[in-house]
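Q: this is a predicted model, with the sequence first.
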Amino acid sequence: MIPLAVNDLVKNITNEQVYRILWIDESNLITYIIDIDSPKALPKLKKIDELSKEIIDGEIIKLEQNVSQKRLFNELSNKEHSC
């Protein structure tokens, strides 16, 4: 199984959506993920084994934390400039 942790980012290769892992249950069976680009996104329930399989199959990739930090910094910088 692929090691996953809260706040990891994963990207769906097909539709380019990026999701953040919000929560993982103690048994490591289910997780809640959320689309980080949609302001109206709601958390979605996802089975850990399904998510791991999608990563192994190359349908989803885990993103580096540095990528997410740069993205957040750029978003914050853009908001500051628009104020």
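A: Looks like it came in fine. Nothing here was measured: the structure is a model prediction, and the numbers come from that model. Numbers count the residues shown, from 1 in each chain.
Q: list the contacts for the residue nearest to Leu4 when sequence neighbours are not counted?
A: Distance criterion CB to CB, 6 or more residues apart in numbering; nearest residue to Leu4, sequence neighbours excluded, is Ile21 at 6.0 Å. For the C-beta atoms, the positions are set from N, CA and C on the backbone; glycine is no exception. With contact taken as CB atoms under 8 Å, 6 or more residues apart in numbering, Ile21 is in contact with 4-10, 31-33.
Q: cool, and Val18?
A: Val18 sits next to 9-12, 35-37, 63 when contact means CB under 8 Å, 6+ apart.
Q: that older thread, from Asp8, how far off is the residue nearest to Leu4?
A: To Asp8, Ile21 is 5 Å away according to CB to CB, to the nearest Å.
Q: got it, and Leu22?
A: 10 Å.
Q: who's more crowded, the two?
A: Between Leu22 and Asp8, counted using other CB atoms under 10 Å, Asp8 has the larger neighbour count: 19 against 13.
Q: I'd say that one and Ile60 touch.
A: No - assessed by CB atoms under 8 Å, Asp8 is found out of contact with Ile60, at 11.0 Å.
Q: anything in contact with each of those two?
A: Residues touching both Asp8 and Ile60 (CB under 8 Å, 6+ apart): there are none.
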